[in-house]
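K.L.:
predicted model and sequence below, questions to follow.
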Amino acid sequence: MKNGKPLPPGQYASEVFHRFGLTQFARRFPTNTERIELRIGGDVRESCVISDELGLLPRIEQVSDFHCVTTWSRCGLRWGGVRFADVFERIIVPLAAPETDATFVVLRGQDGGRTSMPLEDLMAPDVMLADRLEGEPLPVAHGAPVRIITPGHYGYKSVKHLCQIDFWREGARYRPAGFRFMEHPRARVALEERGIGVPGILLRYLYRPLVRPTAARFRRAMEEHERG
(Lines give C-alpha, C1' and ligand atoms only; values in the text may rest on other atoms or scores of the structure.)
Protein backbone atom coordinates (compact mmCIF):
# COMPACT_ATOMS: atom_id res chain seq x y z
CA MET A 1 0.00 0.00 0.00
CA LYS A 2 1.29 3.49 -0.90
CA ASN A 3 -0.27 6.68 0.51
CA GLY A 4 -3.30 4.67 1.58
CA LYS A 5 -3.81 3.27 -1.91
CA PRO A 6 -3.26 -0.45 -2.49
CA LEU A 7 -0.78 -1.39 -5.17
CA PRO A 8 -1.83 -3.73 -7.99
CA PRO A 9 -1.19 -7.47 -7.61
CA GLY A 10 2.50 -8.35 -7.39
CA GLN A 11 3.81 -4.76 -7.36
CA TYR A 12 6.01 -3.00 -4.79
CA ALA A 13 6.58 0.73 -4.35
CA SER A 14 9.89 2.10 -5.61
CA GLU A 15 11.35 5.35 -4.32
CA VAL A 16 13.09 5.81 -7.68
CA PHE A 17 11.56 6.30 -11.12
CA HIS A 18 14.01 4.16 -13.05
CA ARG A 19 15.02 4.66 -16.63
CA PHE A 20 14.17 1.12 -17.66
CA GLY A 21 13.32 -1.25 -20.48
CA LEU A 22 14.62 -4.13 -22.55
CA THR A 23 18.38 -4.17 -22.18
CA GLN A 24 19.03 -3.68 -25.90
CA PHE A 25 17.57 -0.17 -25.54
CA ALA A 26 19.85 0.99 -22.73
CA ARG A 27 22.22 2.80 -25.12
CA ARG A 28 19.65 3.93 -27.65
CA PHE A 29 18.68 7.59 -27.48
CA PRO A 30 16.41 9.88 -29.51
CA THR A 31 17.88 12.13 -32.19
CA ASN A 32 15.17 14.77 -31.73
CA THR A 33 14.47 15.84 -28.15
CA GLU A 34 13.04 19.31 -28.77
CA ARG A 35 10.25 19.18 -31.33
CA ILE A 36 7.32 16.75 -31.24
CA GLU A 37 6.69 15.16 -34.63
CA LEU A 38 4.37 12.18 -34.92
CA ARG A 39 4.04 10.25 -38.16
CA ILE A 40 0.55 8.80 -38.63
CA GLY A 41 0.24 5.83 -40.97
CA GLY A 42 -1.09 2.32 -41.52
CA ASP A 43 -4.56 1.69 -42.88
CA VAL A 44 -5.40 5.36 -43.26
CA ARG A 45 -6.71 7.47 -46.10
CA GLU A 46 -3.67 9.72 -46.00
CA SER A 47 -0.44 9.43 -44.03
CA CYS A 48 0.64 12.62 -42.33
CA VAL A 49 2.90 14.18 -39.72
CA ILE A 50 1.39 16.07 -36.81
CA SER A 51 3.30 18.53 -34.70
CA ASP A 52 2.10 22.09 -34.15
CA GLU A 53 -1.49 20.85 -34.23
CA LEU A 54 -0.98 19.38 -30.76
CA GLY A 55 -0.65 22.90 -29.39
CA LEU A 56 -4.29 23.56 -30.27
CA LEU A 57 -5.57 20.89 -27.89
CA PRO A 58 -6.54 21.47 -24.24
CA ARG A 59 -3.67 20.64 -21.93
CA ILE A 60 -4.18 18.54 -18.84
CA GLU A 61 -2.24 17.54 -15.76
CA GLN A 62 -2.81 14.25 -14.02
CA VAL A 63 -1.21 12.30 -11.21
CA SER A 64 -0.71 8.68 -12.24
CA ASP A 65 1.22 5.70 -10.96
CA PHE A 66 3.68 3.94 -13.26
CA HIS A 67 3.73 0.16 -12.97
CA CYS A 68 6.65 -1.70 -14.53
CA VAL A 69 5.96 -5.27 -15.59
CA THR A 70 9.03 -6.36 -13.59
CA THR A 71 7.00 -5.56 -10.43
CA TRP A 72 8.24 -2.10 -9.31
CA SER A 73 5.84 0.85 -9.22
CA ARG A 74 6.60 4.56 -8.96
CA CYS A 75 3.57 6.20 -7.41
CA GLY A 76 2.16 9.70 -7.66
CA LEU A 77 3.92 11.00 -10.77
CA ARG A 78 2.57 14.30 -12.12
CA TRP A 79 2.32 14.30 -15.90
CA GLY A 80 1.41 17.11 -18.27
CA GLY A 81 0.26 16.87 -21.86
CA VAL A 82 -2.83 16.16 -23.95
CA ARG A 83 -5.31 13.31 -23.93
CA PHE A 84 -4.83 10.66 -26.60
CA ALA A 85 -8.58 10.70 -27.22
CA ASP A 86 -8.37 14.41 -28.12
CA VAL A 87 -5.43 13.78 -30.44
CA PHE A 88 -7.31 10.98 -32.17
CA GLU A 89 -10.69 12.67 -32.50
CA ARG A 90 -9.58 16.23 -33.25
CA ILE A 91 -6.40 15.70 -35.27
CA ILE A 92 -5.83 12.14 -36.48
CA VAL A 93 -9.35 11.43 -37.73
CA PRO A 94 -9.70 14.69 -39.71
CA LEU A 95 -6.18 14.57 -41.20
CA ALA A 96 -5.44 10.87 -41.67
CA ALA A 97 -8.91 9.25 -41.59
CA PRO A 98 -8.04 5.76 -40.32
CA GLU A 99 -10.30 3.00 -41.58
CA THR A 100 -13.12 2.36 -39.14
CA ASP A 101 -11.86 -1.18 -38.47
CA ALA A 102 -8.20 -0.12 -38.11
CA THR A 103 -8.22 -0.60 -34.35
CA PHE A 104 -4.86 -2.39 -33.89
CA VAL A 105 -2.57 0.50 -33.00
CA VAL A 106 1.22 0.29 -33.17
CA LEU A 107 3.22 2.88 -31.21
CA ARG A 108 6.88 3.44 -32.10
CA GLY A 109 9.66 5.39 -30.43
CA GLN A 110 12.76 7.08 -31.83
CA ASP A 111 14.93 4.51 -30.06
CA GLY A 112 13.29 1.63 -31.93
CA GLY A 113 10.98 0.71 -29.07
CA ARG A 114 7.49 -0.32 -30.05
CA THR A 115 4.32 -1.83 -28.71
CA SER A 116 0.73 -2.39 -29.77
CA MET A 117 -2.56 -1.57 -28.11
CA PRO A 118 -6.26 -1.83 -28.96
CA LEU A 119 -7.67 1.54 -29.91
CA GLU A 120 -10.40 1.19 -27.27
CA ASP A 121 -7.75 1.04 -24.52
CA LEU A 122 -6.00 4.14 -25.85
CA MET A 123 -9.27 6.06 -25.76
CA ALA A 124 -9.49 5.79 -21.96
CA PRO A 125 -9.64 9.27 -20.36
CA ASP A 126 -6.34 8.82 -18.47
CA VAL A 127 -4.26 7.87 -21.53
CA MET A 128 -2.20 10.85 -22.63
CA LEU A 129 0.70 12.10 -24.70
CA ALA A 130 2.95 13.53 -22.00
CA ASP A 131 5.64 16.15 -22.59
CA ARG A 132 6.08 17.25 -18.97
CA LEU A 133 6.91 15.43 -15.75
CA GLU A 134 6.65 17.02 -12.30
CA GLY A 135 6.11 20.42 -13.90
CA GLU A 136 9.28 20.27 -16.02
CA PRO A 137 9.88 19.35 -19.67
CA LEU A 138 10.07 15.60 -20.05
CA PRO A 139 13.73 14.54 -19.64
CA VAL A 140 15.50 12.28 -22.11
CA ALA A 141 15.69 9.56 -19.45
CA HIS A 142 11.91 9.35 -19.39
CA GLY A 143 10.94 9.84 -23.00
CA ALA A 144 11.62 13.33 -24.38
CA PRO A 145 10.19 15.03 -26.28
CA VAL A 146 6.92 13.10 -25.79
CA ARG A 147 5.78 9.69 -24.64
CA ILE A 148 2.50 7.94 -24.22
CA ILE A 149 1.26 7.29 -20.69
CA THR A 150 -1.21 4.45 -20.11
CA PRO A 151 -1.71 4.23 -16.32
CA GLY A 152 -3.92 1.14 -16.40
CA HIS A 153 -1.32 -0.87 -18.31
CA TYR A 154 2.19 -2.06 -17.60
CA GLY A 155 4.95 0.40 -18.39
CA TYR A 156 6.06 -1.27 -21.62
CA LYS A 157 2.90 0.11 -23.22
CA SER A 158 3.99 3.68 -22.39
CA VAL A 159 6.41 4.06 -25.30
CA LYS A 160 9.15 6.66 -24.82
CA HIS A 161 10.32 9.15 -27.47
CA LEU A 162 7.08 8.56 -29.38
CA CYS A 163 7.47 9.32 -33.09
CA GLN A 164 4.99 7.17 -35.00
CA ILE A 165 1.44 5.86 -34.59
CA ASP A 166 0.09 3.31 -37.08
CA PHE A 167 -3.50 2.13 -37.30
CA TRP A 168 -3.84 -1.40 -38.72
CA ARG A 169 -6.88 -3.52 -39.51
CA GLU A 170 -5.16 -6.57 -38.03
CA GLY A 171 -1.94 -7.34 -36.23
CA ALA A 172 -0.57 -10.42 -37.99
CA ARG A 173 2.43 -8.45 -39.33
CA TYR A 174 3.35 -6.95 -35.97
CA ARG A 175 6.54 -8.14 -34.28
CA PRO A 176 7.25 -7.20 -30.64
CA ALA A 177 10.55 -5.62 -29.70
CA GLY A 178 11.31 -8.51 -27.33
CA PHE A 179 10.29 -12.15 -27.07
CA ARG A 180 6.65 -12.61 -27.99
CA PHE A 181 5.69 -14.08 -24.61
CA MET A 182 6.81 -10.83 -22.95
CA GLU A 183 4.19 -8.64 -24.62
CA HIS A 184 0.53 -9.07 -23.80
CA PRO A 185 -1.90 -7.49 -26.30
CA ARG A 186 -3.45 -5.40 -23.50
CA ALA A 187 -1.15 -5.72 -20.44
CA ARG A 188 -3.76 -4.48 -17.97
CA VAL A 189 -2.23 -4.08 -14.54
CA ALA A 190 -5.38 -4.90 -12.57
CA LEU A 191 -5.64 -8.28 -14.31
CA GLU A 192 -1.88 -8.95 -14.09
CA GLU A 193 -1.56 -9.44 -17.84
CA ARG A 194 2.25 -9.42 -17.74
CA GLY A 195 2.78 -11.59 -20.81
CA ILE A 196 1.41 -14.37 -22.99
CA GLY A 197 1.33 -18.08 -22.16
CA VAL A 198 2.84 -17.67 -18.69
CA PRO A 199 0.73 -16.76 -15.63
CA GLY A 200 1.39 -13.24 -14.40
CA ILE A 201 1.97 -14.49 -10.87
CA LEU A 202 4.84 -16.68 -12.15
CA LEU A 203 6.37 -13.85 -14.18
CA ARG A 204 6.64 -11.82 -10.97
CA TYR A 205 9.30 -14.20 -9.71
CA LEU A 206 11.08 -14.44 -13.06
CA TYR A 207 11.24 -10.67 -13.54
CA ARG A 208 11.93 -9.30 -10.07
CA PRO A 209 15.61 -10.42 -9.85
CA LEU A 210 16.24 -8.49 -13.09
CA VAL A 211 15.21 -5.10 -11.68
CA ARG A 212 18.45 -4.08 -9.97
CA PRO A 213 20.92 -5.07 -12.72
CA THR A 214 18.69 -3.69 -15.47
CA ALA A 215 18.20 -0.36 -13.69
CA ALA A 216 21.97 -0.15 -13.15
CA ARG A 217 22.68 -0.80 -16.83
CA PHE A 218 20.26 1.91 -17.94
CA ARG A 219 21.64 4.33 -15.36
CA ARG A 220 25.24 3.83 -16.50
CA ALA A 221 24.23 4.23 -20.14
CA MET A 222 22.46 7.50 -19.32
CA GLU A 223 25.49 8.80 -17.43
CA GLU A 224 27.77 7.95 -20.36
CA HIS A 225 25.37 9.63 -22.78
CA GLU A 226 25.27 12.81 -20.71
CA ARG A 227 29.07 12.93 -20.55
CA GLY A 228 29.15 12.70 -24.34
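P.N.:
Yes, it's here. Numbers count the residues shown, from 1 in each chain.

K.L.:
contacts for the lengthiest strand in the chain next, please.
P.N.:
The longest strand of the chain (DSSP state E) is strand 72-83. By Cβ atoms under 8 Å, 6 or more residues apart in numbering, the surrounding residues in contact with strand 72-83 are 2-3, 5, 7-8, 11-14, 16-18, 54, 57-67, 125, 127-135, 146, 149, 211. For the C-beta atoms, the positions are set from N, CA and C on the backbone; glycine is no exception.

K.L.:
what about that strand, average pLDDT?
P.N.:
Mean per-residue pLDDT for strand 72-83: 98.

K.L.:
on that earlier part again, show only the entries of the contacts of strand 72-83 found in helices.
P.N.:
Counting by DSSP state H, these place Val211 in helices.

K.L.:
filter the contacts of strand 72-83 to the buried ones?
P.N.:
Buried residues within the contacts of strand 72-83, counting neighbours by 16 or more other Cβ atoms under 10 Å: 7-8, 11, 14, 17-18, 54, 57, 62, 64-67, 127-131, 133, 146, 149, 211.

K.L.:
so of those, which ones are in strands?
P.N.:
Gln62, Ser64, Asp65, Phe66, His67, Met128, Leu129, Ala130, Asp131, Leu133, Ile149.

K.L.:
for this structure, which spans come out with low pLDDT?
P.N.:
For the chain, the stretches flagged by pLDDT under 70 are 1-4.

K.L.:
spatially central residue in it, please.
P.N.:
Using Cα atoms, centre = their mean, the residue of the chain that lies closest to the mean C-alpha position is Ser158, 0.9 Å off.

K.L.:
can you give me the strands in this protein?
P.N.:
12-13, 38-42, 48-50, 60-67, 72-83, 104-109, 114-118, 128-133, 136-137, 147-149, 162-168.

K.L.:
of all the ones in strands among the buried ones among the contacts of strand 72-83, which two lie farthest apart?
P.N.:
His67 and Asp131 (21.0 Å; Cβ to Cβ).

K.L.:
residue contacts, the nearest residue to Val82 once chain neighbours are set aside?
P.N.:
Using Cβ to Cβ, 6 or more residues apart in numbering and skipping the chain neighbours, the partner closest in space to Val82 is Leu57 (4.4 Å). Residues in contact with Leu57 (Cβ under 8 Å, 6+ apart) are Val82, Arg83, Asp86, Val87, Arg90, Ile91.

K.L.:
what's the burial count for the fourth one?
P.N.:
By other Cβ atoms under 10 Å, 24 other residues sit near Val87.

K.L.:
who's in contact with it?
P.N.:
The contact partners of Val87, taken as Cβ under 8 Å, 6+ apart, are Ile50, Leu54, Leu57, Leu129.

K.L.:
export those residues to a markdown table and tack on distance to Ser73?
P.N.:
As requested, the contacts of Val87 are exported to a markdown table (distance: Cβ to Cβ, whole Å):
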| residue | distance to Ser73 |
| --- | --- |
| Ile50 | 32 |
| Leu54 | 28 |
| Leu57 | 29 |
| Leu129 | 22 |
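
K.L.:
closest one to Pro98 out of the residues you listed, please.
P.N.:
Nearest member of the contacts of Val87 to Pro98, counting by Cβ to Cβ, is Ile50, at 13.1 Å.

K.L.:
tell me, how many residues neighbour the nearest residue to that closest one once chain neighbours are set aside?
P.N.:
The shortest distance from Ile50 to any non-neighbouring residue, by Cβ to Cβ, 6+ apart, is to Leu38 (5.1 Å). Using other Cβ under 10 Å, Leu38 has 21 neighbouring residues.
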